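> have a look; sequence and predicted model below, questions after that.
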Amino acid sequence: MIQIKQIHKSYITGQNSLHVLKGIDLEIKAGEMISIMGASGSGKSTLLNILGILDNYDSGEYFLDGVKINRLSERKAAQLRNKMLGFVFQSFNLVSFKNAMENVALPLYYQDVPRKKRNLIAMEYLERMGLKEWAHHLPNELSGGQKQRVAIARALIGKPKVILADEPTGALDSTTSLEVMDILQEVNATGITVIIVTHEHDIAMRTRKTIRITDGNITEVIVN
Amino acid sequence: MFEIDKWQEIYSTVRKNKLRTFLTGFSVAWGIFMLILLLGSGAGLENGVKEQFKGGATNGVWISSGTTSIQYKGLKIGRQIKFTNEDYKSIKSTVSGPDHISARLFLGNNLISYKNEYGSFFLSPCHPDYGIIKEVDIIQGRFLNNIDINEFRKVAVIGEKVKSSLFKGVDSVAMGKYIKINGVLFKVVGVFRDYSRNDDEQKRVYIPISTAQRVFQGKNEINQISFTTGDASAAEADLMIKKSKAVLSKMHTFDIEDNRAINVWNKNEEVRKFKALFAGIRLFIWIIGIGTIIAGIVGVSNIMMIVVKERTKEIGIRKSLGATPWSIVALIMQEAIVITSFAGYIGLVLGVGLLELIATKMPPSDFFRNPEADFSVAVMATFLLIIAGAIAGFFPAMKAARVNPVEALRDE
Ligand SMILES: Nc1ncnc2c1ncn2[C@@H]1O[C@H](COP(=O)(O)OP(=O)(O)O)[C@@H](O)[C@H]1O
Ligand SMILES: [Mg+2]
């Protein structure tokens, strides 16, 4: 599903250049569930953003489902994100003035699905997350765990092939974290590739493979 | 770009950010409100002045006699010029160009009665052509004719108000009746309506000038000569006036440059002056109005800039979910256009409403009546609004499209 070879990425701020990724090689097969671990600032989010076509890389190669991803137009990147990828963030990133259902339905808006239909589909996904009763609540009326489940529903509604989760449990207590991990495992069970960035060990343990990044390089691959 | 779903998307964001929307819209509403008010007031001013020009052909020239103010050929200053029938005849025969010409006698207000009803009305002896020069609107019978002049007929054409005050109740038919003017009987042959608001002009009685000279004056004096210039150009009309002046200056021995010996009123010139003045006023109003709207656009643009900044995270989210840059541009632009158009429309309605209120509640004065914003102005303003919205939205939308999702979504 995902092949990257010798990915390099530097951030240039003024005079300084920060070499964040120093030649990452990684192959992730369809249906895999892997975790990426590493110290804060080691480049985990940078890597995930490149995989999510939210950011460009400087050199190397990236294939997503056989498609070469290299300096795509914004339009093309947006289309690929919409069809192939689903994002889950630590801070949920729900649109604050839209209710749970509208948030979940948003990706379908960009697929030109009519409003009624996409709200109906969004309700199905919320039901799967056990949030049917909360469909018409705004994000600030939901608990952290509920928000993250809304975000996962939103990531799934476009039927993506890959879910990219950047510290999805970083803002949650341990019980809720486990619930969210249960859901992500269920998602993976349906055949969707799941990539989770985390720095919590018990979270990483629940994936099949853990990749450790140290100082911009993959230093360890552990099969759990 | 304009399918229903997009409108709903805009509607939901606008509805959920009421204060922001209100602030954005207010400046535009105000701008349009002021523009409509200014244009309406300008129209009111123009209508008021136009009213002053009513009654009388726009190509009319009126020459009245006065007193000399320049020494000429040894004759002293302050000599009163008195026109006679000879002046009228020689202008008529020697000056080419005027298509209608009439002399007038000023006899002032006179006691006029019919049976037991009487009143004081303005007596205006003249030639038949004066009906055309003054644009007298005959509603019954006829105006004076040449036979009246030649045969010194005692006939009168009376104003509607004269008729209504002399002919009342069972005796309301005026045509063919004899009215007494200073004790002399005149037959009513016509009734006219005068549109000018001047009371004196509505309470007027026209009689043949020849009859008036014979019956009331016993001389051949006249006070005014007037003519219309046909479809002559301004320069040609000026030439007619110059030739007439030359004729009169020769007959009465005064300096042709003496503007007080005779008094010329060229209506066409006055009308032209006012037209130029109002074209200037209109231009001025549009400049101010558009300036106000530009201030509104800048305001909207500024607020939209802040809005985009506020919504950076949301835009980042939308991009991560598959929003193309163009869809973001459309989102912001449409929001700006919708807000400006809607707010502007409210300003438009309020402006027109206030003008209507002024028009109905305020009595028309000499220089102000019927303030109005016509349909073409409303259409123009609507287009202006949509363009304004597009301009206001353009830069914020570009900024929004350039939002970097990675930076927008970074957890802090
Ligand atoms: N846009 C940016 N400009 C400059 N430096 C950045 C930028 N984004 C990240 N960095 C830096 O790159 C390094 C890696 O960041 P990140 O990938 O977010 O680390 P992690 O997610 O592993 O904590 C950090 O030192 C961070 O400060
Ligand atoms: Mg990170």
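The structure has been received and is ready for your questions. Ligands and ions are numbered 1, 2, ... in the order given.

> dump the residue contacts of the residue nearest to residue B:154 when sequence neighbours are not counted.
Spatial nearest neighbour of residue B:154, chain neighbours left out: residue B:186 (4.7 Å); criterion: C-beta to C-beta, 6 or more residues apart in numbering or on different chains. Using the backbone N, CA and C atoms, a C-beta is placed for each residue, glycine as well. Applying C-beta atoms under 8 Å, 6 or more residues apart in numbering or on different chains to residue B:186 gives the contacts B:154-156, B:178-180, B:207.

> just flag the most distant two among those residues.
B:155 and B:180 (13.8 Å; C-beta to C-beta).

> listing partners with orientation, what would you give for the one helix or strand the residue nearest to residue B:154 maps to?
Assigned by DSSP states H and E, residue B:186 falls within strand B:184-193. Strand B:184-193 has the following strand partners under DSSP bridges: strand B:137-141 (antiparallel), strand B:155-159 (parallel), strand B:178-181 (antiparallel).

> highest mean neighbour count out of those strands?
Neighbour counts (mean count of other C-beta atoms under 10 Å in any protein chain shown) averaged over each of the strands paired with strand B:184-193 peak at strand B:155-159, with a mean of 26.

> doesn't residue A:99 make contact with residue A:142?
No - counting by C-beta atoms under 8 Å, residue A:142 does not reach residue A:99; the two are 9.8 Å apart.

> in chain A, where's the longest helix?
For chain A, the helix with the greatest residue count under DSSP state H is helix A:174-189.

> for it, give me every contacting residue.
Helix A:174-189 is contacted by residues A:31, A:33, A:88, A:129, A:143-145, A:148-149, A:152, A:156, A:163, A:165, A:168-169, A:172, A:194, A:196, A:200, A:203, A:206 when judged by C-beta under 8 Å, 6+ apart.

> could you redo the last one with a cut-off of 7 Å?
A:33, A:144-145, A:148-149, A:152, A:156, A:163, A:165, A:168-169, A:172, A:194, A:196, A:203, A:206 (C-beta atoms under 7 Å, 6 or more residues apart in numbering or on different chains).

> now stretch B:58-70: mean pLDDT?
Averaged across stretch B:58-70, pLDDT comes to 86.

> and the end-to-end length of that stretch?
Using C-alpha to C-alpha, to the nearest Å, the end-to-end distance of stretch B:58-70 comes to 31 Å.

> what comes up buried for it?
For stretch B:58-70, the neighbour count (16 or more other C-beta atoms under 10 Å in any protein chain shown) marks B:59-65, B:68-69 as buried.

> and if you look at stretch A:185-205?
A:187-188, A:192-200, A:203-204.

> residue A:108 - that's part of a helix, no?
Yes - counting by DSSP: H, G, I helix; E, B strand; the rest coil, residue A:108 is located in a helix.

> for the residue nearest to it when sequence neighbours are not counted, helix, strand, or coil?
In space, and not counting its chain neighbours, residue A:108 is closest to residue A:118: 3.7 Å by C-beta to C-beta, 6+ apart. Of the three states, residue A:118 takes helix under three-state DSSP.

> which residues sit in contact with residue A:118?
Each residue near residue A:118 by C-beta under 7 Å, 6+ apart is listed here: A:105, A:108-109.

> likewise for residue A:194?
For residue A:194, counting by C-beta under 7 Å, 6+ apart, the contacting residues are A:33, A:163, A:184, A:187-188.

> which parts of chain A are helices?
For chain A, the helices defined by DSSP H occupy A:44-51, A:74-84, A:100-109, A:115-128, A:144-157, A:174-189, A:201-205.

> those: which one's closest to ligand 1?
Nearest to ligand 1, of all the helices of chain A, is helix A:44-51, at 3.1 Å by C-beta to the nearest ligand atom.

> okay, the spatially most central residue of chain A: pLDDT?
The residue lying closest to the centre of chain A (C-alpha atoms, centre = their mean) is residue A:164, at 1.9 Å. With respect to pLDDT, residue A:164 scores 95.

> which SS state does residue B:62 fall under?
strand.

> compare residue A:142 and residue A:99 (neighbour count), which wins?
residue A:99 (22 against 19; other C-beta atoms under 10 Å in any protein chain shown).

> for ligand 1, what is the nearest residue in the stretch 1-150 of chain B?
residue B:13 (28.1 Å).

> in stretch B:266-285, what's buried?
B:266-268, B:271, B:278, B:281, B:285.

> let me fix that, I meant to ask about stretch B:236-255.
Quick answer for stretch B:236-255 (16+ other C-beta under 10 Å): B:237-241, B:243-245, B:247-249, B:252, B:254.

> just those residues: which are in helices?
Among these, DSSP H puts B:237-241, B:243-245, B:247-249, B:252 in helices.

> just to revisit the earlier point, turn the helices of chain A into CSV, columns for mean pLDDT.
Shown next, in CSV, are these (pLDDT from 0 to 100):
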stretch, mean pLDDT
helix A:44-51, 93
helix A:74-84, 92
helix A:100-109, 94
helix A:115-128, 93
helix A:144-157, 94
helix A:174-189, 92
helix A:201-205, 90
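
> residue B:227: which of those is closest?
helix A:115-128 (75.1 Å).

> who's in contact with residue B:188?
Contacts of residue B:188 (C-beta under 7 Å, 6+ apart): B:156, B:158, B:174-177, B:179.

> widest-spaced pair of those?
B:158 and B:176 (12.3 Å).

> rewinding a little: and which of the contacts of residue B:188 is nearest residue B:105?
residue B:156 (14.1 Å).

> what about the closest residue to chain B within chain A, how many neighbours?
Closest residue of chain A to chain B, C-beta to the nearest C-beta: residue A:82 (2.4 Å). Residues lying near residue A:82 (other C-beta under 10 Å) number 22.

> ok, now residue B:341?
Other residues close to residue B:341 by other C-beta under 10 Å number 18.

> residue A:20 too?
20.

> where does the residue nearest to it when sequence neighbours are not counted fall, phi/psi-wise?
Of all residues not flanking residue A:20 in the chain, residue A:43 sits nearest, at 4.4 Å (C-beta to C-beta, 6+ apart). Backbone dihedrals for residue A:43, given as degrees, to the nearest 10, come out at phi 110, psi 20.

> same question, the one 10 residues further on
The phi and psi values for residue A:53, taken as degrees, to the nearest 10, are phi 50, psi 30.

> OK, contacts around it?
A:69, A:72, A:77, A:80-81 are the contacts of residue A:53 under C-beta under 7 Å, 6+ apart.

> related to what we said a few turns ago, any chance of the strands paired with strand B:184-193 in JSON lines with mean pLDDT as columns?
Shown next, in JSON lines, are the strands paired with strand B:184-193 (pLDDT from 0 to 100):
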{"stretch": "strand B:137-141", "mean pLDDT": "90"}
{"stretch": "strand B:155-159", "mean pLDDT": "93"}
{"stretch": "strand B:178-181", "mean pLDDT": "92"}
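
> adding distance to ligand 1, write the ones you listed out as JSON lines.
Output for the strands paired with strand B:184-193, formatted as JSON lines (distance: least, C-beta to the nearest ligand atom, whole Å):
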{"stretch": "strand B:137-141", "distance to ligand 1": "83"}
{"stretch": "strand B:155-159", "distance to ligand 1": "88"}
{"stretch": "strand B:178-181", "distance to ligand 1": "101"}
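
> in a markdown table: those strands, plus distance to residue A:25.
Listed next are the strands paired with strand B:184-193 as a markdown table, based on distance: least, C-beta to C-beta, whole Å:
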| stretch | distance to residue A:25 |
| --- | --- |
| strand B:137-141 | 100 |
| strand B:155-159 | 106 |
| strand B:178-181 | 118 |
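
> for my notes, confirm residue B:393 occurs in a helix.
Yes - Residue B:393 forms part of a helix when assessed by three-state DSSP.

> now do the contacts for it.
By C-beta under 7 Å, 6+ apart, the contact set of residue B:393 is B:304, B:332-333, B:335-337.

> at 6 Å instead, please
B:332-333, B:336 (C-beta atoms under 6 Å, 6 or more residues apart in numbering or on different chains).

> having no further points to raise, I will conclude here.
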